[in-house]
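Engineer: Need a 3D model of the following:
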Amino acid sequence: MPNSSFDFEYLRHLVREQSGVVLEPHKDYLATLYLSELATQAGFASLSPFVEYLKTSPLSHVHHQAIEALVIHETSFFRDRYPFEALQSCVLPALIAARAMQKTIHIWCAACSTGQEPYSVAMLIRENFPELSTWTVRIIASDFSQQALDRAEQGRYSSLEVERGLTPKLRDRYFYKTEQSWQIIHEIQQMVEFRPLNLIQSWSVLPKMDVIFLRNVLIYFDVETKRSILNKVQTYLQQDGYLFLGGGETTFHLDSRFEAVQGKTSLYHRLRSA
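Structural biologist: Numbering: from 1, shown residues only. Have a look, this model is predicted:
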């Protein structure tokens with residue numbers, strides 16, 4: 001598709017209004033990279049008339065496809081392994097002791113993209129905590145992108161995707177090879193509940209959570225939206241629960257109700273004692 005001048009400011013506004021994500025003004029190349037194919041599929045010769053079409057048309061599935069193309073983020077199995085090490089060595093043992101009577105643990109992976117993070121949590125539990133097989137362990141995974149959720153629910157990944165973060169042992173134990181992809185086994189697939197959820201809208205479908213993974217998400221929002229999201233996290237996180245953010249993310253200067261805790265291998269956040 002030939003390069004053309006297009007209204008990137010409109011795209012920034014569209015993405016901000018519908019997802020809360022802030023695209024930096026200088027990142028117009030993202031539109032060229034990720035919208036060109038969509039524009040071609042929609043019958044446009046260049047980005048400029050496609051963007052004009054979006055501007056002058058009522059909100060539709062085409063707008064949502066454009067938004068998803070611009071905001072779907074990087075993900076991989078066991079990404080930044082340290083939070084998973086903390087989950088295994090510290091967080092889950094503490095929760096198993098604290099929930100011995102209820103025998104219920106709720107884990108939420110927010111902005112799960114194509115599912116690698118929640119499936120990593122499921123594999124970690126299956127691999128290391130056989131005692132939880134008699135418990136109710138709910139792993140809820142959400143994303144605002146229905147396209148990403150559809151892929152996640154299928155549980156099919158390319159060779160490149162399974163090579164990123166998975167050891168051959170885990171790959172061979174929890175996946176099987178098909179003609180063109182690797183399919184996650186049913187036992188792991190059924191441990192994860194996928195739900196559409198936009199972080200800037202209502203979270204009413206969620207129960208109280210013992211662990212929340214909100215990693216590499218807040219960096220895409222402005223300060224006001226970060227505070228709004230953390231305020232809702234505070235409502236949905238158990239008082240003795242655990243919040244994992246991305247390596248470059250913090251609640252500092254955003255929400256004083258959280259405190260950072262330095263574990264052996266990873267930093268996580270907890271609610272301050274009342």
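
Engineer: sec struct for Arg126, please.
Structural biologist: Under DSSP: H, G, I helix; E, B strand; the rest coil, Arg126 falls in the helix class.

Engineer: whoops, I mixed them up, Gly241
Structural biologist: Here Gly241 is recorded as strand under three-state DSSP.

Engineer: Nearest spatial neighbour of Leu166, chain-adjacent residues omitted?
Structural biologist: Phe77 (4.8 Å; CB to CB, 6 or more residues apart in numbering). Every C-beta, even on glycine, is put in place using the N, C-alpha and C of the backbone.

Engineer: mind saving the C-alpha coords of stretch 210-221 as CSV?
Structural biologist: The C-alpha trace of stretch 210-221 is given here as CSV (Å, rounded to 0.1, in the frame of the first residue of the first chain):
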residue,chain,number,x,y,z
ASP,A,210,-6.5,-13.3,45.4
VAL,A,211,-4.0,-12.6,42.7
ILE,A,212,-4.2,-10.0,39.9
PHE,A,213,-1.8,-9.9,37.0
LEU,A,214,-1.9,-6.4,35.5
ARG,A,215,1.5,-6.5,33.8
ASN,A,216,2.7,-4.1,31.1
VAL,A,217,-0.7,-2.5,30.9
LEU,A,218,-0.6,0.8,32.9
ILE,A,219,2.2,2.2,30.8
TYR,A,220,-0.2,2.7,28.0
PHE,A,221,-2.6,4.9,30.0
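
Engineer: Which parts of the chain are helices?
Structural biologist: With DSSP state H, the ranges of helices along the chain come out as 8-19, 29-41, 47-56, 61-71, 82-86, 92-98, 116-128, 146-154, 159-163, 168-174, 186-189, 223-236.

Engineer: got a list of what Gly263 touches?
Structural biologist: By CB atoms under 8 Å, 6 or more residues apart in numbering, the contact set of Gly263 is 86, 89-90.

Engineer: need the contact list for the closest residue to Ser159 other than its chain neighbours.
Structural biologist: Nearest non-adjacent residue to Ser159, counting by CB to CB, 6+ apart: Trp182, 6.8 Å away. Residues near Trp182 by CB under 8 Å, 6+ apart: 156-159, 161-162, 171, 175-176.

Engineer: Most neighbours among those residues, which one?
Structural biologist: Within the contacts of Trp182, neighbour counts (other CB atoms under 10 Å) peak at Tyr157, which reaches 24 neighbours.

Engineer: Could you list everything that one pairs with in the sheet?
Structural biologist: Here Tyr157 sits in beta bridges with Trp182, going by DSSP bridges.

Engineer: For Val217, see how far away it is.
Structural biologist: Separation of Tyr157 from Val217 (CB to CB, to the nearest Å): 21 Å.

Engineer: Can you report how many residues lie near the closest residue to Leu54 other than its chain neighbours?
Structural biologist: Nearest non-adjacent residue to Leu54, counting by CB to CB, 6+ apart: His63, 5.9 Å away. By other CB under 10 Å, the residues close to His63 number 17.

Engineer: Now tabulate the helices of the chain in JSON lines and tack on mean pLDDT and distance to Arg257.
Structural biologist: JSON lines is the format used below for the helices of the chain (pLDDT from 0 to 100; distance: least, CB to CB, whole Å):
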{"stretch": "helix 8-19", "mean pLDDT": "87", "distance to Arg257": "25"}
{"stretch": "helix 29-41", "mean pLDDT": "83", "distance to Arg257": "34"}
{"stretch": "helix 47-56", "mean pLDDT": "89", "distance to Arg257": "39"}
{"stretch": "helix 61-71", "mean pLDDT": "84", "distance to Arg257": "28"}
{"stretch": "helix 82-86", "mean pLDDT": "94", "distance to Arg257": "21"}
{"stretch": "helix 92-98", "mean pLDDT": "98", "distance to Arg257": "20"}
{"stretch": "helix 116-128", "mean pLDDT": "98", "distance to Arg257": "25"}
{"stretch": "helix 146-154", "mean pLDDT": "93", "distance to Arg257": "30"}
{"stretch": "helix 159-163", "mean pLDDT": "91", "distance to Arg257": "37"}
{"stretch": "helix 168-174", "mean pLDDT": "96", "distance to Arg257": "36"}
{"stretch": "helix 186-189", "mean pLDDT": "97", "distance to Arg257": "34"}
{"stretch": "helix 223-236", "mean pLDDT": "94", "distance to Arg257": "5"}
